[in-house]
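In: please work out how this folds:
(2 chains)
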There are 2 protein chains.
Amino acid sequence: MLQSTLFGKTQKQPPRDEVSLNARLLTQAGFIDKVTAGAYTYLPLGLAVLNNVKQIVREEMAAIGGQELLMPALQPKELWEKTGRWTDPGPEVMFQFEGRSDRQYGLGWTHEEVITPLVKKFVSSYKDLPLYLYQIQDKFRNEPRAKSGLLRGIEFSMKDLYSFHRDEQDLEAYYQRALQAYLRIFQRCGLEAIVTEASGGSFSKYSHEFQVLTPYGEDVIYHCVQCGYAQNREVTQLMTGAACPKCDGSIAEGKAIEVGNIFQLKTKYAVPFKLEYVDADGTSKPVMMGCYGIGPSRVMGTAVEVHHDDRGIIWPESIAPFRAHLLQLGSSSAVAKRALLVYHKLSSRGISTLFDDRPDVTAGVKFADADLIGIPYRLVVSEKTKANVELKPRRGQTSTLVNQTKLLAALKGKGGELGKQRNVS
Amino acid sequence: MLQSTLFGKTQKQPPRDEVSLNARLLTQAGFIDKVTAGAYTYLPLGLAVLNNVKQIVREEMAAIGGQELLMPALQPKELWEKTGRWTDPGPEVMFQFEGRSDRQYGLGWTHEEVITPLVKKFVSSYKDLPLYLYQIQDKFRNEPRAKSGLLRGIEFSMKDLYSFHRDEQDLEAYYQRALQAYLRIFQRCGLEAIVTEASGGSFSKYSHEFQVLTPYGEDVIYHCVQCGYAQNREVTQLMTGAACPKCDGSIAEGKAIEVGNIFQLKTKYAVPFKLEYVDADGTSKPVMMGCYGIGPSRVMGTAVEVHHDDRGIIWPESIAPFRAHLLQLGSSSAVAKRALLVYHKLSSRGISTLFDDRPDVTAGVKFADADLIGIPYRLVVSEKTKANVELKPRRGQTSTLVNQTKLLAALKGKGGELGKQRNVS
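Out: Residues are numbered from 1 along each chain as shown, chains lettered A, B, ... in the order given. This next block holds a predicted model:
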């Protein structure tokens, strides 16, 4: 992609009306634009990152048998009355309104009230179970504190997986598979997530949150620095400096961002919707359910909170909007021609590249923009580089002059991720 | 994909609460499920079709320079007050509601009120123009007549492209490019769209609708059977049997479904949002805009209205959920083994296949389901076929016994489309 035609420009200063680090950097670097508190437009660069996160989520959902579907955001009151959630928590969380013919609607902030009656239509026997269904969709929350950029919005991207089982044992086994899949997703997105015990409601001892430690996290967790065992503040009796009950290591307190949450719902929603199946012995039983949430937009925001320096964002390679950022410095026809050749060569090898071909922009500005945008590999073609290219990883300090063969080898290094990346074209 | 594990089953009868042909067939065949009037869940088969349509749209948008972004559905009242559309048409069309701190929101049914101020942030000079921005997103309408399945919903998928130009001449030139791109999109989706003159509002003579003739269309158009010139009922003075003003051919009246609409907005939204640029001569001028809409979900519904017979859907190859539907008839281990081998061979060649491996389902039911679901190529492996496969196009009458080499050749026929298809995995 030519940077001269890319929609969305970097700004000299971070926006004055944002306090969160992720919103300040993402806005300044041209990834997002605030429409109103808690609702953002994803500009082409931002959408590329969001799509990369979604793609990783899709791959890991497929790997644990997840089938993708898509439910509506708009939901009728009647479904939510069955579980009591139309009024509790009701409008505290859900945007609710009236349409034609006095019909009452709410905007989905979760989808148990849609998926449970849906599954009821197709499940009658134990032979129809288990079942793993997920969607990736924008959700809505009447959020009182929408001041954290992509971390807490009134509209946000969400992957929600629901699993349906014959018995508790099967639910528990799948719950562990989902937990592992979640850890893979966060790892692939460049995040080190700590599995944290959280409240399980009235029907499970614990649910599990996936928490990423950062100085600006809104949550507080207590975690063992040795074995990683952790609990969140709501459920814990652990204290800083105490001994870990699992390994005798030391417990630390840390601020963290919750990037995912998994929950054994058991029969909580099966009961009000009468989601039952006939077991092999001929008896009717309620279906056991689990639910598993990840917010791709929150993952994107968290990646920025974790991976940046004072010059800008440092994207993990797997979710970066492009793999390479090619800077043409100088406008002589020789330099322009060489830069264009490098751009075409990279593109033809499937190495997604943002080509800073902007005329009338100084080298200083191009370098600063490259650091701010945070694409993993910066390449420079100038009078000085002659037939070579100056290569510098965003995460490193050193730049090296390489010929094109070495350049391609360096950029292909992580072949596995590369092929999976979806990018702005 | 194994049909035994696919979520969403065919039903013996069409749903009683649907009147439209597309909703009846898509529900019966397991593509969609109604949550409330005008809002549907896309089951895995349905989501595959919807994604195929979106992918074709994306490719054609990229071909005319479109850059994809993603705006929020949730929009603050303040933006819509600037154009007067908060009250006119206001709640007649827009779902409106209150959130925290007395903030008023509406759900986007179009996005001029978001994209115009967004573009204003990044455009100041003629050098920043032209610009072509689009998104694919769910839109919402407070729809009084949500009885047409995917053709008219309260929540529906929409691609909206907005173009920004220096002058009317540049807008007009791009408008023609977009018109041609639209024709390619519909053609690739298996729809013959007629470019139809429609009201241009107070600032353009005409806008253009893309109309597909079907007996159940809600619109009426007057079109020349010879040259294709057409006008919709609102603007036309043409009459059935009259001579075409363009070619002297004969004018016919027809019911049709509007699948797309393009509009020269000119300065209608640039003026209230003061979207201006400084031209080469140093003067400030309002930016000229165009907007271009296609509903992928409506395209999907229209494809069903047009392509079906009394046994079920007949998907155009380009948007079909799978390319091949492999039926295993009989459960002897020899047949099971041969069917599985064919399935693996097809899958390994990138030919997306739904494999009807269901045990305890009769041949009659499998044949009926295959016709109902409408995948382009039906393949049968049975005791009778021995090492061969019986191949029958859904659109044809004749089945032929082919060996595996011929099978692969036949299914690869339209290589171009095949590679581009995205499917349920």
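In: switch to C-alpha atoms for all contacts and neighbour counts from now on
Out: Fine.
In: mind checking how far stretch A:20-35 is from the chain centre?
Out: 16 Å (C-alpha atoms, centre = their mean, to the nearest Å).
In: now do that stretch: distance from first to last residue.
Out: 16 Å (C-alpha to C-alpha, to the nearest Å).
In: right, is it up against chain B?
Out: Yes - Stretch A:20-35 lies within reach of chain B by C-alpha under 8 Å from any C-alpha of the partner chain, at A:Asp33, A:Val35.
In: tell me the pLDDT of whichever residue of the stretch 51-200 of chain A sits closest to chain B.
Out: Nearest to chain B in the stretch 51-200 of chain A, going by C-alpha to the nearest C-alpha, is A:Met71, at a distance of 4.2 Å. Per-residue confidence (pLDDT) for A:Met71: 98.
In: give me the neighbour count for it.
Out: 25 (other C-alpha atoms under 10 Å in any protein chain shown).
In: which residue sits closest to it, ignoring its sequence neighbours?
Out: B:Thr41 (4.2 Å; C-alpha to C-alpha, 6 or more residues apart in numbering or on different chains).
In: beyond the helix or strand where the one you found lies, next helix or strand please.
Out: Per DSSP states H and E: B:Thr41 is located in strand B:39-42. Downstream of strand B:39-42, the next assigned helix or strand under DSSP H and E is helix B:44-63.
In: give me the mean pLDDT for that next one.
Out: For helix B:44-63, the per-residue pLDDT averages 98.
In: now do it: distance to the chain's middle.
Out: 8 Å.
In: name all residues that make contact with A:Phe97.
Out: Residues in contact with A:Phe97 (C-alpha atoms under 8 Å, 6 or more residues apart in numbering or on different chains) are A:Gln104, A:Tyr105, A:Gly106, B:Phe95, B:Gln96, B:Phe97.
In: surely A:Ile185 meets A:Arg58?
Out: No - contact criterion C-alpha atoms under 8 Å: A:Ile185 and A:Arg58 do not qualify, at 9.5 Å.
In: before we move on, back to that, just the pLDDT at the residue nearest to A:Met71, thanks.
Out: pLDDT, read off for B:Thr41, is 98.
In: equivalent analysis for A:Gly290, please.
Out: If you check A:Gly290, the pLDDT there is 98.
In: hang on, isn't it packed against A:Asn261?
Out: No - using C-alpha under 8 Å, A:Gly290 makes no contact with A:Asn261, being 11.0 Å away.
In: picking up where we left off before, looking at A:Ile185 and A:Arg58, which is more packed in?
Out: The neighbour count for A:Ile185 versus A:Arg58, taken as other C-alpha under 10 Å, is higher for A:Ile185 (23 against 19).
In: in what helix or strand does the more buried one lie?
Out: Per DSSP H and E: A:Ile185 is located in helix A:168-188.
In: show me what the helix or strand that comes right after that helix packs onto, helices and strands only.
Out: Sequence-wise, the next helix or strand downstream of helix A:168-188 (DSSP H and E) is strand A:194-199. Using 3 or more C-alpha pairs under 8 Å, 6 or more residues apart in numbering or on different chains; DSSP states H and E, the elements in contact with strand A:194-199 are strand A:206-213, strand A:230-232.
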